[in-house]
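A.B. asks: prediction below, plus the sequence it came from.
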Amino acid sequence: MQNEGTSSPKPSEAVAMSKSTSKSKLSSDRRYFPLLLGSSIALCVIGITMVLSASSVSSIQSSGSSFSIVLKQLLFLGIGSAFAFLAFKIPTPIYRKLAPLAVVGSCALQLLIFTPLGVNINGNRNWLEFGPIRFQPSEFGKLALVLWVADALTRNAIPLMDRLVRALLGSAPILILVLAGKDLGTAIIVFVTLFAILFAAGISGRTLSFFGVLVILGTAALVVSQSHRLKRFTALLDPFSVANYQSAGWQPAHGIMALATGGLFGVGLGAGSQKWGNLGPEAHTDFIFAVIGEEVGLFGTLMVVAIFGVILWCGCSLALRVKDNFSRLIAVGVTAWIVFQALTNMGSSIGVFPVIGVPLPFVSYGGSSLISTLAAVAILLRIAHDRANS
């Protein structure tokens, strides 16, 4: 019996309300694609601009031209854009079939680094060199791991724990080979990405805690086992101390100086001084965020942080809205990978995290990182496109 003074909506009104709600949801779903695409393009533009500025000194020293490094980055951007276009065109379900091939291919390339084709840089053996071409297979291993784990954990005909075992069996070779190359930075990014996907897949808190403890203990053991790693961690306490400043604290200290010098709006694009040797050859790679802070100021750094915030929001929102669990876990994995790596790089520049040699996604110089990141975002864009048109 209806209360006095109230009435149920007429059928026509109910239909209209339902259509209005559907249109609202559809409109909401359609915003993720342009936001993700715009954020990626914005970061690439910032990256090219800042690589030109940050690498000018190194470029002149190595080739006599201030444009040699940025021209390579433009080439990488072109190649990455082509790969991204192809990745976007592939329907998301096809990536299930490609996941095993991606893992096998990634591991095969990682094994090659232990042959004469491998190159040792700064104590890490994680690069392959074919004539003039040098790339880092572990960057592509991140994407392979995301696809494999997302596929393994969403095979619903198999019990959850069996799915977990399958996911870990495919992930283990990638992690072991990265660690064998002594690349702790990439290994930490891979661990966090894996952890995020497992959490989103509903793996129990007890199991996640167990893996978390193993990762922490393993990381601590790796840090303590090599003196240069231990110095990087202890330098966080006071990079300006006499003991640290002339060694592991040199780059973090000058990264902080660069940010402090920049103030609110920076000293001007191209006018930064810390890239002149103080940040070393990593000014356009690991410490490009510090160069942004010095030359474009707090305004520039906050703009970069805000753009990564948009990517985080879009990725998390897509993960909550998509109906396909495989797509959902890919969205979680790609978002966790990009955002955590960005936070790690930025944290290294301001002395919050140790310097572990990870690039700022889309922005830092480096073909392997840029191409793999663009391909990963293209898959995320495909998921956003499918959601908007479902």
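C.D. replies: All right, it came through fine.
A.B. asks: let me know the secondary structure of the residue positioned nearest the centre of the chain.
C.D. replies: Taking Cα atoms, centre = their mean as the criterion, Ile338 is the residue nearest the geometric centre of the chain, at 2.3 Å. Classification of Ile338 using DSSP: H, G, I helix; E, B strand; the rest coil returns helix.
A.B. asks: quick one: the strands in this structure?
C.D. replies: 118-121, 124-130, 133-135 (DSSP state E).
A.B. asks: pull up the pairing partners for the first one, direction included.
C.D. replies: Take DSSP bridges as the rule and strand 118-121 pairs in its sheet with strand 124-130 (antiparallel).
A.B. asks: circling back to that earlier point, now the strands of the chain as TSV including mean pLDDT and distance to Leu98?
C.D. replies: Backbone N, C-alpha and C define where each C-beta goes, glycine included. As requested, those are arranged in TSV below (pLDDT from 0 to 100; distance: least, Cβ to Cβ, whole Å):
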stretch	mean pLDDT	distance to Leu98
strand 118-121	83	26
strand 124-130	84	21
strand 133-135	87	20
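A.B. asks: just the ones you listed: most buried one?
C.D. replies: strand 124-130 (a mean of 17; mean count of other Cβ atoms under 10 Å).
A.B. asks: hmm, who's touching that strand?
C.D. replies: 109, 112-114, 117-121, 134-138, 178, 181-183, 186, 357 (Cβ atoms under 8 Å, 6 or more residues apart in numbering).
A.B. asks: mind running it again at 6 Å?
C.D. replies: Under the criterion Cβ atoms under 6 Å, 6 or more residues apart in numbering, residues 112-113, 117-119, 121, 134-136, 138, 181-183 lie in contact with strand 124-130.
A.B. asks: and stretch 81-94, by the same measure?
C.D. replies: For stretch 81-94, using Cβ under 6 Å, 6+ apart, the contacting residues are Ser327, Ile371, Leu374, Ala375, Ala378, Ile379, Leu381, Arg382.
A.B. asks: could you rerun that using 8 Å?
C.D. replies: By Cβ under 8 Å, 6+ apart, the list of residues contacting stretch 81-94 reads 98, 324, 326-327, 330, 371, 374-375, 377-379, 381-383, 385-386.
A.B. asks: now stretch 373-388
C.D. replies: 26, 29-30, 32-33, 36-37, 40, 80-81, 83-88, 90-92, 95, 142-143, 146, 314-315, 318, 321-322, 327, 330-331, 334-335, 337-338, 361-362.
A.B. asks: do you know how far the residue nearest to Asn278 when sequence neighbours are not counted is from Ala235?
C.D. replies: Take Asn278 and drop its neighbours on the chain: the residue closest to it by Cβ to Cβ, 6 or more residues apart in numbering is His254, 4.1 Å away. Distance, His254 to Ala235, by Cβ to Cβ, to the nearest Å: 12 Å.
A.B. asks: and what of Phe210?
C.D. replies: 31 Å.
A.B. asks: compare the two (neighbour count), which wins?
C.D. replies: Ala235 (24 against 11; other Cβ atoms under 10 Å).
A.B. asks: what about the residue nearest to Asn278, how many residues nearby?
C.D. replies: 25.
A.B. asks: residues contacting it?
C.D. replies: With Cβ under 8 Å, 6+ apart, His254 has these contacts: Gln274, Asn278, Leu279, Ala290.
A.B. asks: highest neighbour count among these?
C.D. replies: Busiest of the contacts of His254 [other Cβ under 10 Å] is Ala290, holding 33 neighbours.
A.B. asks: so where do the helices sit in the stretch 1-150 of the chain?
C.D. replies: 11-30, 32-54, 56-63, 68-89, 94-112, 137-152 (DSSP state H, counting those that start in this stretch).
A.B. asks: mean neighbour count, mean pLDDT and distance to Gln226 added to those helices, as JSON lines?
C.D. replies: Converted to JSON lines, the helices of the stretch 1-150 of the chain look like this (neighbours: other Cβ atoms under 10 Å; pLDDT from 0 to 100; distance: least, Cβ to Cβ, whole Å):
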{"stretch": "helix 11-30", "mean neighbour count": "11", "mean pLDDT": "56", "distance to Gln226": "48"}
{"stretch": "helix 32-54", "mean neighbour count": "20", "mean pLDDT": "96", "distance to Gln226": "28"}
{"stretch": "helix 56-63", "mean neighbour count": "16", "mean pLDDT": "84", "distance to Gln226": "27"}
{"stretch": "helix 68-89", "mean neighbour count": "16", "mean pLDDT": "96", "distance to Gln226": "29"}
{"stretch": "helix 94-112", "mean neighbour count": "17", "mean pLDDT": "95", "distance to Gln226": "20"}
{"stretch": "helix 137-152", "mean neighbour count": "26", "mean pLDDT": "96", "distance to Gln226": "18"}
